[in-house]
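A.B. asks: test case, fold it:
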Amino acid sequence: MNKVWRRRLHRGARGLGWVAGVLVILFAVLTALAQLLLPLLARHPEWVAAQLSQRLQRPVAIASMAGRWTPSGPEFLLHQVRIGAAAGTDGAALELPESRLKLDLGGWLLPSRHLFNVYMRGLQLDLLHDASGWRVSGLGTAAGANQPALSLRHLSVDLWLDDLRVVVTDATLGKRYTLLSRQLRISSQGDRIRFGGSLRREGVAEASVRFPQQMMRIDRQTGRDLDAQIRDQLSAVVRAAAPLADAVLFSDYRGGVVSREVVETSMDVCRAQGTIATADSQGDLFKFRRLNVVKCNQQEAEAALADKLDGEASFERAAATLLERLGARAVVITRGGDGISMLDARRGYAHIPAANRTEVFDVTGAGDTVIAVLTMALAAGASEYQATCLANIAAGLVVRRLGNATTTVEELTNAIQPTNERGGT
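C.D. replies: Here you go, the predicted structure:
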């Protein structure tokens, strides 16, 4: 290296050193200034209450507060906190004798963090699952009545809930159970709500499940139809690709891509080539006609038929109605922990119990596993009933893992039990 470049590198290193030194000094000055301002800020709980009101989207009142500096940043102890119901909603106010507020200075720099971190203790979080999906139906004192509903869609604080009781009500299955958590973090990040912490079933001392990843996601979709030009391009791609496939699977997430025109174009090719076609739809079931198998879950079947499914006879009637109206060879209705109901036009109705009811950690992607494995089994020559049994076993494997998991051929082979054409082992 010549002398010119050596001098340049030396000057560059010295310049970086100066910049780093200035940043360190600036940070120290800001930290010292923040420590000096803490007592002043603690005298104005109404300003902090206004900031929290804006971020929690509901009125907040604080009687008094005290500030201190911790290794992780400034922290305030809030006394006599009252969080009212959101505007236009009913529900009792949430009153806390004490709460904590931490300011995370990294929230100014990192989008995954928030400046305001609120810590609450000894509360109950109510989760409700009904035909419209999952939602938080209340947050309040444990066993309290008339819990105020909590909207998480635009939450701009991190909530840290210590010694939390989580009551889960699944109205679709008529079940209710309680989970306990030492600390659960709720954070809104863009369109997603992330829950992080450790949960265990009430009365179970040892079994605990950690959720370091996403547990709940809020999707904001327009569901509008595709532009005509894009739709025509997509149809052309489908016409070219479908003859090369052993099976075509429609997975409709109501995003506007799986339109009636695209389905009809694909089915024209499938019928001409004798290609297997299956569908899993969260939207309009009745645009999928004359397929080999159409799969939906219990809530989607209830919505399509405007009828409540609450017994084996009702599932059999629903499957028969869907089979007739869709003109499919088979209809599959997944029922969560109660397994799968399916109606085969040739062999009739069957209920297949869940392959795994005791080691369920995360049901994310279980429905996708069912339709994917079912479709591959049909392409390999299995009957509709055999394919559904295999798909049921595969779903029982993936729910044992956290996140959007998949299974392998080896795992599936080891899990298969000798099964006759009507579920005997």
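A.B. asks: tell me where the stretch 51-200 of the chain is predicted with low confidence.
C.D. replies: 88-91, 105-109, 111-112, 142-154, 173, 189-192 (pLDDT under 70).
A.B. asks: show me the strands in it, by range?
C.D. replies: For the stretch 51-200 of the chain, the strands defined by DSSP state E, counting those that start in this stretch occupy 60-70, 73-83, 94-103, 116-121, 123-130, 133-141, 158-170, 175-189, 192-201.
A.B. asks: tell me which stretches of the stretch 201-350 of the chain form strands.
C.D. replies: Using DSSP E, counting those that start in this stretch, the strands of the stretch 201-350 of the chain run over residues 209-210, 216-217, 247-252, 276-281, 293-297, 330-334, 340-344, 348-352.
A.B. asks: could you dump the strands of the stretch 51-200 of the chain to a markdown table with distance to A42 and mean neighbour count?
C.D. replies: Using the backbone N, CA and C atoms, a C-beta is placed for each residue, glycine as well. A markdown table is the format used below for the strands of the stretch 51-200 of the chain (distance: least, CB to CB, whole Å; neighbours: other CB atoms under 10 Å):
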| stretch | distance to A42 | mean neighbour count |
| --- | --- | --- |
| strand 60-70 | 4 | 16 |
| strand 73-83 | 7 | 19 |
| strand 94-103 | 11 | 17 |
| strand 116-121 | 15 | 19 |
| strand 123-130 | 24 | 18 |
| strand 133-141 | 26 | 18 |
| strand 158-170 | 20 | 19 |
| strand 175-189 | 25 | 16 |
| strand 192-201 | 29 | 17 |
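A.B. asks: how about those in JSON lines, adding distance to L285?
C.D. replies: Shown next, in JSON lines, are the strands of the stretch 51-200 of the chain (distance: least, CB to CB, whole Å):
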{"stretch": "strand 60-70", "distance to L285": "45"}
{"stretch": "strand 73-83", "distance to L285": "42"}
{"stretch": "strand 94-103", "distance to L285": "41"}
{"stretch": "strand 116-121", "distance to L285": "43"}
{"stretch": "strand 123-130", "distance to L285": "19"}
{"stretch": "strand 133-141", "distance to L285": "17"}
{"stretch": "strand 158-170", "distance to L285": "22"}
{"stretch": "strand 175-189", "distance to L285": "25"}
{"stretch": "strand 192-201", "distance to L285": "28"}
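A.B. asks: that older thread, now distance to G367 and mean pLDDT too, for the strands of the stretch 201-350 of the chain, in JSON lines please.
C.D. replies: Below are those laid out as JSON lines (distance: least, CB to CB, whole Å; pLDDT from 0 to 100):
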{"stretch": "strand 209-210", "distance to G367": "20", "mean pLDDT": "44"}
{"stretch": "strand 216-217", "distance to G367": "15", "mean pLDDT": "46"}
{"stretch": "strand 247-252", "distance to G367": "10", "mean pLDDT": "91"}
{"stretch": "strand 276-281", "distance to G367": "7", "mean pLDDT": "92"}
{"stretch": "strand 293-297", "distance to G367": "6", "mean pLDDT": "93"}
{"stretch": "strand 330-334", "distance to G367": "6", "mean pLDDT": "94"}
{"stretch": "strand 340-344", "distance to G367": "11", "mean pLDDT": "93"}
{"stretch": "strand 348-352", "distance to G367": "15", "mean pLDDT": "93"}
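A.B. asks: so which of those comes closest to L159?
C.D. replies: Closest approach to L159 among the strands of the stretch 201-350 of the chain (CB to CB): strand 216-217, 13.2 Å.
A.B. asks: Throw the strands of the stretch 201-350 of the chain into CSV and include mean neighbour count, thanks.
C.D. replies: Converted to CSV, the strands of the stretch 201-350 of the chain look like this (neighbours: other CB atoms under 10 Å):
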stretch, mean neighbour count
strand 209-210, 12
strand 216-217, 14
strand 247-252, 20
strand 276-281, 24
strand 293-297, 26
strand 330-334, 27
strand 340-344, 25
strand 348-352, 17
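A.B. asks: so which of those strands gets nearest A63?
C.D. replies: Minimum separation from A63 across the strands of the stretch 201-350 of the chain (CB to CB) falls at strand 216-217, 33.1 Å.
A.B. asks: coming back round to it: out of the strands of the stretch 51-200 of the chain, flag the one nearest A277.
C.D. replies: Minimum separation from A277 across the strands of the stretch 51-200 of the chain (CB to CB) falls at strand 133-141, 27.7 Å.
A.B. asks: can you check which of the strands of the stretch 51-200 of the chain gets nearest to K3?
C.D. replies: strand 73-83 (47.2 Å).
A.B. asks: nearest to Q229, out of the strands of the stretch 201-350 of the chain?
C.D. replies: Q229 lies closest, by CB to CB, to one member of the strands of the stretch 201-350 of the chain: strand 247-252, at 21.3 Å.
A.B. asks: tell me the helices and strands packed up against the closest one.
C.D. replies: Using 3 or more CB pairs under 8 Å, 6 or more residues apart in numbering; DSSP states H and E, the elements in contact with strand 247-252 are helix 260-273, strand 276-281, helix 366-379.
A.B. asks: at 10 Å instead, please
C.D. replies: Strand 247-252 is packed against helix 260-273, strand 276-281, strand 293-297, helix 366-379, with contacts defined by 3 or more CB pairs under 10 Å, 6 or more residues apart in numbering; DSSP states H and E.
A.B. asks: partners of it in the sheet?
C.D. replies: With DSSP bridges as the test, strand 247-252 is paired with strand 276-281 (parallel).
A.B. asks: output the strand it pairs with as PDB, nothing but the C-alphas.
C.D. replies: C-alpha atoms of strand 276-281 as PDB (Å, rounded to 0.1, in the frame of the first residue of the first chain):
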ATOM      1  CA  ILE A 276     -57.400 -33.600 -10.300                       C
ATOM      2  CA  ALA A 277     -58.700 -30.300  -8.900                       C
ATOM      3  CA  THR A 278     -59.200 -29.400  -5.200                       C
ATOM      4  CA  ALA A 279     -60.100 -26.200  -3.300                       C
ATOM      5  CA  ASP A 280     -59.700 -24.800   0.200                       C
ATOM      6  CA  SER A 281     -61.700 -21.600   0.400                       C
END
